[in-house]
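Colleague: Build the 3D model from these lines:
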Amino acid sequence: MNKNIETFIGCNSEYNDAKIVMFGAPFDSTTSFRPGARFGSSAIRHESFGIETYSPYQDKDLEDTNIFDCGDLELCFGSAEKALEDIELKTKEIINDKKIPFLIGGEHLVTLGAVKAVFDQYPDVHIIHFDAHADLRDNYLGAKLSHACVMRRCCELIGDNKIHQFCIRSGERSEFNFAKEHTDMQKFNFDGLAELTDRLQKDGTPVYISIDLDCLDPSVFCGTGTPEAGGVSFTELLNAFFFVAKTNIVGFDVNELAPMLDISGASTATACKIVREMLLAFYK
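Modeller: Modelled structure (predicted):
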């Protein structure tokens with residue numbers, strides 16, 4: 001008899017042996033449109049048993065890796081500040097043990113907690129950000145801590161021209177104006193990603209990768225709170241992982257699956273496959 005502990009498929013190594021440590025951040029209390037992302041991390045873990053550990057795209061298998069899944073954090077839904085503090089502490093613990101943190105949201109605000117911990121250890125870190133939305137608002141309805149503001153807060157933390165944004169196709173005019181002065185934004189697609197990753201690899205720059213699943217087109221991924229037409233395909237996102245994998249990755253995350261918004265289950269299945277491919281691509 002074994003303890004009934006549900007992990008992402010193939011990610012059942014012992015903590016001391018692990019190179020990557022996964023944890024969920026089930027928080028969506030600042031969601032600006034349709035809620036439900038708090039259930040994303042547990043749904044990905046549960047539904048992962050509908051896919052295989054082996055990736056024919058990469059000819060790699062999760063069975064050959066050492067990855068530890070420590071489950072979901074218990075977060076305070078009523079306080080973004082407290083939730084971010086708990087995420088930061090967990091990320092810091094993982095980094096201090098010389099492992100790479102992999103955060104599964106939840107809404108995109110959860111990224112800020114992880115980035116704070118990464119920045120403490122790697123003050124020259126750059127962020128590669130895939131998203132439909134710029135997330136560069138100074139506030140959303142007066143709130144500084146919102147998933148609509150997460151990259152603005154990260155920019156204030158790590159500094160100008162260290163956030164590289166791709167697939168962006170939605171935001172206020174002020175956000176795009178801010179990006180011209182403070183971030184490196186590529187609208188609509190992944191143009192320039194190969195050149196960027198070559199440069200970051202050459203310089204040995206520490207890189208944090210943050211993926212909002214609504215970068216995908218709604219025809220591929222509709223189970224998200226703020227879907228935006230005109231997104232990339234699964235294959236385009238997968239190929240982007242291979243470029244990013246060349247860099248010195250010190251942390252990464254994936255966010256914004258709201259599983260109940262796609263009753264077919266296809267969005268959750270897609271998210272599971274993306275998590276598998278990220279783990280295999282970024283595993284060193």
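Colleague: Please make it C-alpha for all contacts and neighbour counts, starting now.
Modeller: OK.
Colleague: would you list every one of the strands in the protein?
Modeller: Using DSSP state E, the strands found in the chain span residues 20-25, 54-55, 60-61, 67-72, 100-105, 126-130, 163-168, 184-187, 206-212, 248-255.
Colleague: Adding mean neighbour count and mean pLDDT, write those out as CSV.
Modeller: As requested, the strands of the chain are exported to CSV (neighbours: other Cα atoms under 10 Å; pLDDT from 0 to 100):
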stretch, mean neighbour count, mean pLDDT
strand 20-25, 26, 97
strand 54-55, 16, 98
strand 60-61, 16, 98
strand 67-72, 21, 96
strand 100-105, 27, 98
strand 126-130, 24, 98
strand 163-168, 24, 98
strand 184-187, 18, 98
strand 206-212, 23, 98
strand 248-255, 25, 98
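Colleague: Asp138 is nearest to which of these?
Modeller: Among the strands of the chain, strand 163-168 comes nearest to Asp138, with 15.8 Å by Cα to Cα.
Colleague: Sheet partners, orientation included, of that closest one?
Modeller: Applying DSSP bridges, strand 163-168 is found paired with strand 126-130 (parallel), strand 184-187 (parallel).
Colleague: about what we covered before: what about the strands of the chain, which gets the closest to Lys82?
Modeller: Nearest to Lys82, of these and by Cα to Cα, is strand 20-25 at 12.2 Å.
Colleague: Show me what that closest one is packed up against.
Modeller: Here strand 20-25 touches helix 40-47, strand 67-72, strand 100-105, going by 3 or more Cα pairs under 8 Å, 6 or more residues apart in numbering; DSSP states H and E.
Colleague: Tell me the gap between the last one and the middle of its chain.
Modeller: How far strand 100-105 lies from its chain's middle: 7 Å, per Cα atoms, centre = their mean, to the nearest Å.
Colleague: same check, this time on the second one
Modeller: In terms of Cα atoms, centre = their mean, the centre of strand 67-72 is set 15 Å apart from its chain centre.
Colleague: helices and strands around it, which ones?
Modeller: Using 3+ Cα pairs under 8 Å, 6+ apart: strand 67-72 touches strand 20-25.
Colleague: what's the spacing between the spatially closest residue to Lys187 that is not a sequence neighbour and Val118?
Modeller: Using Cα to Cα, 6 or more residues apart in numbering and skipping the chain neighbours, the partner closest in space to Lys187 is Ile168 (4.6 Å). When Cα to Cα, to the nearest Å is applied, the distance between Ile168 and Val118 equals 24 Å.
Colleague: Format the strands paired with strand 163-168 as JSON lines; extra columns: distance to Gln58.
Modeller: Listed next are those as JSON lines, based on distance: least, Cα to Cα, whole Å:
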{"stretch": "strand 126-130", "distance to Gln58": "21"}
{"stretch": "strand 184-187", "distance to Gln58": "26"}
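Colleague: Might you report the residue contacts of Leu89?
Modeller: If a contact means Cα atoms under 8 Å, 6 or more residues apart in numbering, then Leu89 has Ala117 as its contacts.
Colleague: can you rerun that using 10 Å?
Modeller: Ile95, Gly113, Ala114, Lys116, Ala117 (Cα atoms under 10 Å, 6 or more residues apart in numbering).
Colleague: Return the two entries of those residues that lie farthest from one another.
Modeller: Using Cα to Cα, the two most remote members of those are Ile95 and Gly113, lying 13.2 Å apart.
Colleague: Compare these two (neighbour count), which wins?
Modeller: Between Ile95 and Gly113, counted using other Cα atoms under 10 Å, Gly113 has the larger neighbour count: 24 against 19.
Colleague: thinking again about what came up before, mind checking the helices and strands packed on strand 20-25 for the one nearest to Pro227?
Modeller: Closest of these to Pro227 is helix 40-47, at 15.2 Å (criterion: Cα to Cα).
Colleague: and the closest residue in space to Glu81 that isn't next to it in sequence, backbone torsions?
Modeller: Nearest residue to Glu81, sequence neighbours excluded (Cα to Cα, 6+ apart): Leu145, at 7.9 Å. Recorded main-chain torsions at Leu145 are phi -100, psi 100, according to degrees, to the nearest 10.
Colleague: Same question for the one 4 residues further on.
Modeller: Taking degrees, to the nearest 10, you get phi -120, psi 0 for the backbone angles of Cys149.
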